[in-house]
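>>> sequence first, predicted coordinates after that:
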Amino acid sequence: MADTNTRILIAKTGLDGHWRGASLVSKALRDAGFEVILLGMAKPDEIAQAVVDEDVELLGLSIGGHIDVVERIVESVRQRRPDISIFVGGVVPPWAARKLEAKGVEVYPPGSQLPDIVAAARRLTGLV
Amino acid sequence: MTHDNRQNWVSASGIPLKPYYTSADVPATHRDNVDVPPGAAPYHRGVHPAGYRSKPWRILQLSGFGNPEDINKRIKFLIANGDAAIRMKHDRNTADHLYNVDHPEVLARREDVGQTGAVMQSIRDTELCLDGIPIESSYAHPGGGVVQHAPYALAAYWTVARRRGIELSRLAGTGQSDFFVTYLGCVTKQQIPTAPGLRLNADIMEFCDKHLPKWVPISIAAYNGADSGLNAYQELGALFANAVEYLDEIKRRGSMPIEHAAKACGGVSFRLGMDLFEEASKMRAARMMWRDLLQRRYGITDEKVMSMRIHCVTAGSAMTYQQPLNNIVRGTMMGLAGVLGGIQSLGVSGYDEALSVPSEHAHQISLRIQQILLHETNTAAVTDPLGGSYYVEALTAALVEKGWEFFEQIQNEGGFLATLDSGWLHQRAHENQQTDILGQSSGERVIVGVTDFRNDISPFEVDGFRGVPDAYDVAAARLEEVRRSRSSAAASRALRELETACRGSQNIMPAMLDALDSEVTLGEIGDVYRNVFGDWTAPRITV
Amino acid sequence: MARLLSHIERGQGNGGPIRIPSPDAGSPAFTIGITGAPGAGKSTLLGSLLAHVAQQDVRAAAVAIDPSSPISGGALLGDRVRMQSVSTDPRIFVRSMASRGRAGGVSDMTRAAVRCLHACGWPQVFIETVGSGQVDVDVSTIADVVVVVLNPGAGDEVQVFKAGLMEIADVFVINKADHLGAHVLRSDLNGLIASLPAGQVRPDVLETVATSGQGIGELWESVSENLRQAEQSGELARRRSRRSARELVEVAQAMLKRQIDAATHTAMFADIQSGVVSGDLSVWEAASRLLRAIPMEH
């Protein structure tokens, strides 16, 4: 058992509660040894507060809906924790995915395989 | 992995499949059913002998976004094109939770508002939707798929009718109010617990029985169960377990004949998945199981009541993000399964479903898929064309058997609602999801364009829905206006009476109609629910 | 402070470079333990409680402990989601922690975390844990007041665990009190309480419906009253003294264990062990010799 367990926060940005993707990813990360704090559907200020108080190294967002909502969350979080890595998964059209990528956020659309996501988490938290 | 080294030949739900089937594979218990014509018990072959010749399946493509005026425009357009159905889609951010747009949870996501439907916060918004539309001669889907939203959605539509002097008894339409969508599929942040949810649905059934004979009060939509992971026979078992909750509740209340209750929830929704023959067989199995359930458990003998009507939507989750044009084929194949299964109405998912809210282009393609199936493939010519196939009959019988097994498991867990409260059903759905996603990584499960055949020489870029720019502001302004200009005395009084009705045990619909008429807003009704019924605690999915 | 807690979790807070000052003698600080079976509604209850105390302008922190997977070492920490709405209140601090192999989750690390919170201006610290059974008995090693959360229908389990429960529970909460069987559980509990020896303080039995906030005010009253009385009667001081002694023993034991583990690699150890194998030494004699031979480092 690792002495330095890496903590990740997973939150959903929209109000429609598709849990499938976030649930599968959370479990895969847990099975890979991460400590995953589940936030469910949360607002920008709640996510930012959680990122600070839980002192996590990586934020994962389950997204869908308008990209501005996601960008607002990314802004809020980065204001308080500029160092944090962020990756997102969910329904996002290519043009919006590119916008997020340009902001340094990694995007995992539907069809992304779990081993790739887990590998990304390792890389983003410096475990690799 | 490719097709060449596949070892396990099973149906999507895991039923082992033989290389070929013969008459010996049709179980003895089912053999006598094989030659029964469609339209005769046990209805596995269909509820009507003439099938699609007498009435083709209804093309039911739901779409909706924008402001109430946009919904209004769309309805008028469809009516002008010969489609007499009124479809109203509510913005999910507000409707699903019964929040007004000024609720902090909605405000924090203001750009999402209007994407999935129109914001309807008061009777005035509903009137805008229905302005100039002949509701007395239309068939309506006023929305209300979410249990806690259903009374509002139906009451809003009925109140518009009343205000126009139209007798409720003349109105034709259907409600939905489905537990699967928000208690299993897309769990909302807040919602009333399952027990008051059951109460509301039973109230709707009773109210329609008394006042709206042409209205189908609710519709059980196992679609959402399937799309969260339940397989074909689990979908069947869970749907009937849900039906039992309604029927048992009506029986307990003694408020209407059980035949009426059965008829009231005899129109259901299933999902159509990619296993062509299993999905077609599922429909046949469903019709048999419905009849069996009503006869065995409730002693119903009215054959008309025992005929199940099925609406299907193709699996949204089968639509891939990668190479989206492939999804047109998927939609077609899934639609075909439904047609071969003899369903009454069909919705085909948009090819861009995995990327955004469906575009107009995707919507049109889905419509064309249905029109091609109907007019070019000759599949409407013969009812139950798969009947007599050794494979399909064996599969139908197997799904019935396993469906009942799952149904019994649910009963042993305390019933459908208990399995939602405890998370047992979520666990079953999740297990299948796990197996599926692991199968994708291991190569056992092939998804073209995703796990294999990823090379794309001509990428088709989906533009994706760009959002409705002013939906939030328009809704916020309208909310202000309603508050400012309504009679606050009347609204307060109606709200208090609604609260009293919620706390008591009388039928909630009269008070709900009154509240709508007195211009009480959606969020205020939601607050009463939260106050009186409290919040459902979504189960945690363990291990 | 969040970063400090992370340091503590990584084991860098004990005897390490970071010294955590004891809270001011003048500012009272309390630890309230909340335990009960999974599904009892502890997180929702705690969320309601935090909202309630925040309204009274009390600063409160919550540490929610969930079990780590024994297979992967990872964990799903799903308590915060039920306390979300109150987590952005400046008077409230919520932290999720994985048990990291410690049964029940309460350990020297948790104690250090609690001290840190007290020192940083959080006078009320709630610890939410779940044990391997119905109740985490270890929570009594960290809490001034222990609240045990049960659901209607738990009567049988209560009978089984009654000894453990009765020893540590200061307050019983029947959550989901609107469910069938609440009154049955209440009489079961009352029966057990009545059979306690005279003179022993009787735990309160309360009913709540956490999802609607019902009974939360009374719960806080009961907890506050328990703390007040314990302070007055000297019981609080006695418990803290017992806990402190126990903590001292545990830390010492941990240090000793580390020394012994380190010694197993030495030639001295191999030497002593061969004496046992050859029959020259009994294992008891060998152990005494080992202990005398280990250099003590502090």
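Perfect, I can see it now.

>>> for the rest of this, base every contact and every neighbour count on C-alpha atoms.
Fine.

>>> just say helix, strand or coil for the residue in chain A that chain C sits nearest to.
Distances from chain A to chain C, computed as C-alpha to the nearest C-alpha, single out residue A:33 as the nearest residue at 3.8 Å. For residue A:33, the assignment made with DSSP: H, G, I helix; E, B strand; the rest coil gives coil.

>>> so what's it closest to, chain neighbours aside?
By the measure of C-alpha to C-alpha, 6 or more residues apart in numbering or on different chains, the closest residue to residue A:33 outside its immediate chain neighbours is residue C:74, 3.8 Å from it.

>>> cool, residue B:507 as well?
In this structure, residue B:507 finds its nearest non-sequential neighbour in residue B:203, 5.3 Å apart by C-alpha to C-alpha, 6+ apart.

>>> for residue A:62, same thing?
residue A:12 (4.6 Å).

>>> residues in contact with the one you found?
Applying C-alpha atoms under 8 Å, 6 or more residues apart in numbering or on different chains, one finds that residue A:12 lies in contact with A:22, A:39, A:40, A:41, A:42, A:61, A:62, A:63.

>>> could you check how far the closest residue to residue B:87 other than its chain neighbours is from residue B:134?
With C-alpha to C-alpha, 6+ apart as the criterion, residue B:87 has its nearest non-adjacent residue at 4.8 Å, and that residue is residue B:141. Between residue B:141 and residue B:134 the computed distance is 14 Å (C-alpha to C-alpha, to the nearest Å).

>>> ok so, going back, got phi/psi on the residue nearest to residue B:87?
Backbone torsions of residue B:141, given as degrees, to the nearest 10, read phi -120, psi 80.

>>> against residue A:87, how distant is residue A:127?
Distance of residue A:127 to residue A:87, computed by C-alpha to C-alpha: 16 Å.

>>> higher neighbour count, those two?
Taking other C-alpha atoms under 10 Å in any protein chain shown, residue A:127 and residue A:87 do not tie; residue A:87 has more neighbours (21 against 10).

>>> helices and strands around the lengthiest helix in chain A, which ones?
Across chain A, the helix with the greatest residue count (assigned by DSSP state H) is helix A:67-80. The contact analysis (3 or more C-alpha pairs under 8 Å, 6 or more residues apart in numbering or on different chains; DSSP states H and E) places helix A:67-80 against helix A:44-53.

>>> the following helix or strand past the helix it packs on vs helix A:44-53, what angle?
The C-terminal neighbour of helix A:44-53 among helices and strands, as given by DSSP states H and E, is strand A:58-63. With axes from the mean of the first three to the mean of the last three C-alpha atoms, to 10 degrees applied, the angle from strand A:58-63 to helix A:44-53 works out at 160 degrees.

>>> distance from strand A:58-63 to the middle of the chain?
Using C-alpha atoms, centre = their mean, to the nearest Å, the mean C-alpha position of strand A:58-63 is found 2 Å from that of the whole chain.

>>> so which residues of the stretch 151-300 of chain B form strands?
Taking DSSP state E, counting those that start in this stretch as the criterion, the stretch 151-300 of chain B contains strands spanning B:172-174, B:215-216, B:267-272.

>>> mind putting those strands in JSON lines, distance to residue B:280 and mean neighbour count included?
JSON lines is the format used below for the strands of the stretch 151-300 of chain B (distance: least, C-alpha to C-alpha, whole Å; neighbours: other C-alpha atoms under 10 Å in any protein chain shown):
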{"stretch": "strand B:172-174", "distance to residue B:280": "25", "mean neighbour count": "20"}
{"stretch": "strand B:215-216", "distance to residue B:280": "25", "mean neighbour count": "22"}
{"stretch": "strand B:267-272", "distance to residue B:280": "8", "mean neighbour count": "26"}
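
>>> format those strands as CSV; extra columns: distance to residue C:93 and mean pLDDT.
Written out in CSV, the entries for the strands of the stretch 151-300 of chain B read as follows (distance: least, C-alpha to C-alpha, whole Å; pLDDT from 0 to 100):
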stretch, distance to residue C:93, mean pLDDT
strand B:172-174, 48, 93
strand B:215-216, 50, 94
strand B:267-272, 44, 94
